[in-house]
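Novice: Got a sequence here, can you model it:
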Amino acid sequence: MKYLSVNINPLEKKRFTEDILEHDCEFYFHEEFKSVFTRCKFKQAKTVFIWGRRPPDISAFKLAVKTVENIVIMQHAKNPRREVVPISYFFTNFKKVCKWLVSMGRLKVGRPMARKGDSPRILVFYFTDAYRDEWQSHTHGLQDVSFIKCEPPRVNKYGVVIEPDISLESVNCFYVDEPLTTTLGISEAEERQLILSLARKIEGPILVKLHPRSCVSKFNGLSQFQVVDAIYQHARIIAGYNSALLDFNFSAKLMFKLQSSGEWLEEPRVNTNQNGDYVTQIKEHLNDYDL
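Specialist: Numbering: from 1, shown residues only. A predicted model of the protein is given here:
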């Protein structure tokens with residue numbers, strides 16, 4: 001086996017991994033017991049790919065340091081991981097947290113039995129300085145570590161299950177959805193109240209692009225909202241929480257952004273540069289490093 005990709009679940013694999021790793025790759029999923037309790041694949045892999053800095057990712061990294069020749073750490077999300085979350089987060093995400101703990105335990109058990117050889121070559125590909133800084137503390141003291149800054153990904157392509165069409169139709173408002181129940185650790189009723197509070201601030205129809213992890217029936221019964229498959233570039237207003245898609249090249253000058261306090265804050269909006277191609281850069285770098 002040449003590659004082992006460590007992912008949270010098959011959906012993350014589909015959203016981020018398949019564009020970069022195409023052949024001779026096995027997968028380890030933190031949230032799938034069948035994957036966690038099969039024979040340890042870390043000992044057979046030459047290169048391990050890690051796609052975040054969540055607690056189970058750190059456990060996978062610590063095992064990979066003792067078992068493989070190369071570790072490639074990728075950045076898949078723009079926003080830094082929250083170090084402190086409310087207690088409600090653990091209740092809302094109880095199943096996920098339990099699966100993560102099981103995976104972390106399984107990976108920790110494997111460390112004492114792992115061979116101790118030369119330190120691996122570690123490549124950290126990042127597009128925000130915050131992600132680089134997060135990994136510097138975990139790689140401190142290791143010898144062969146390279147931090148490689150890349151252009152940000154194209155948010156309408158990277159991390160999507162099916163690439164959406166870009167509509168040039170002028171519309172009133174475009175809402176970039178996120179699964180706020182799991183992201184913020186709130187109930188479905190509380191999420192619905194946040195959506196309704198946004199609707200009260202915006203007159204007229206609101207088009208919604210559902211997040212891949214959101215419930216497809218989330219907006220049922222909300223007549224002001226219409227779920228669509230396309231991205232509407234010429235919306236008069238855009239709204240959302242922290243999705244990277246908010247950085248898309250919208251023509252809107254006004255944005256309603258959800259704050260951690262639960263308030264929708266109206267703020268001016270400035271477009272960011274979308275000319276980079278993170279995936280292409282990664283492939284070129286991997287080829288340069290003979291991976």
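Novice: Any figure for the gap between Phe29 and Thr182?
Specialist: Remark: distance between Phe29 and Thr182 (C-beta to C-beta, to the nearest Å) = 17 Å. All C-beta spots, glycine's among them, are computed from the backbone N, C-alpha and C.
Novice: These two: who's more crowded?
Specialist: The neighbour comparison of Phe29 against Thr182 (other C-beta atoms under 10 Å) goes to Phe29, with 21 against 15.
Novice: Please verify my assumption that that one contacts Ser35.
Specialist: Yes - between Phe29 and Ser35 there is a contact under C-beta atoms under 8 Å: 4.2 Å.
Novice: Quick one: the strands in the stretch 51-200 of the chain, in order.
Specialist: 70-73, 121-126, 145-149, 166-176 (DSSP state E, counting those that start in this stretch).
Novice: could you redo those strands as a markdown table and give each row distance to Leu254, mean pLDDT and mean neighbour count?
Specialist: A markdown table is the format used below for those (distance: least, C-beta to C-beta, whole Å; pLDDT from 0 to 100; neighbours: other C-beta atoms under 10 Å):
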| stretch | distance to Leu254 | mean pLDDT | mean neighbour count |
| --- | --- | --- | --- |
| strand 70-73 | 37 | 96 | 24 |
| strand 121-126 | 31 | 95 | 21 |
| strand 145-149 | 32 | 95 | 15 |
| strand 166-176 | 9 | 95 | 18 |
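Novice: nearest to Arg53, of these?
Specialist: strand 70-73 (8.1 Å; C-beta to C-beta).
Novice: Go ahead and confirm Trp264 touches Ile237.
Specialist: No - assessed by C-beta under 8 Å, Trp264 is found out of contact with Ile237, at 11.1 Å.
Novice: Low-confidence stretches in the stretch 51-200 of the chain?
Specialist: 83, 112-117 (pLDDT under 70).
Novice: how about the helices of it, start to end?
Specialist: Remark: helices assigned in the stretch 51-200 of the chain by DSSP state H, counting those that start in this stretch are 55-64, 87-92, 94-113, 129-139, 180-184, 188-201.
Novice: would you turn those into CSV with distance to Arg213?
Specialist: Converted to CSV, these look like this (distance: least, C-beta to C-beta, whole Å):
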stretch, distance to Arg213
helix 55-64, 17
helix 87-92, 13
helix 94-113, 11
helix 129-139, 20
helix 180-184, 7
helix 188-201, 13
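Novice: so which of these gets nearest Glu284?
Specialist: helix 129-139 (19.3 Å).
Novice: where does the residue lying closest to Thr17 once chain neighbours are set aside land in three-state SS?
Specialist: Excluding the flanking residues, the one nearest Thr17 by C-beta to C-beta, 6 or more residues apart in numbering is Ser5, at 5.3 Å. Three-state call for Ser5 (DSSP: H, G, I helix; E, B strand; the rest coil): strand.
Novice: distance of Ser5 from Tyr158?
Specialist: In terms of C-beta to C-beta, Ser5 sits 16 Å off from Tyr158.
Novice: Please give the number of neighbouring residues around Val109.
Specialist: 11.
Novice: ok, so what distance separates it from Phe42?
Specialist: For Val109, the distance to Phe42 - C-beta to C-beta - is 12 Å.
Novice: Same check on Leu123?
Specialist: 17 Å.
Novice: How about Tyr232?
Specialist: Counting by C-beta to C-beta, the gap from Tyr232 to Phe42 is 44 Å.
Novice: Report the distance from the host helix or strand of Leu207 to the chain centre.
Specialist: Element membership of Leu207 [criterion: DSSP states H and E] is strand 206-209. Distance of strand 206-209 from the chain centroid (C-alpha atoms, centre = their mean, to the nearest Å) equals 21 Å.
Novice: Tell me which strands the next helix or strand after it pairs with, and in which orientation.
Specialist: Note on strand 206-209: by DSSP H and E, the next helix or strand toward the C-terminus is strand 225-228. Strand 225-228 pairs in its sheet with strand 206-209 (parallel), by DSSP bridges.
Novice: Noted, bye for now.
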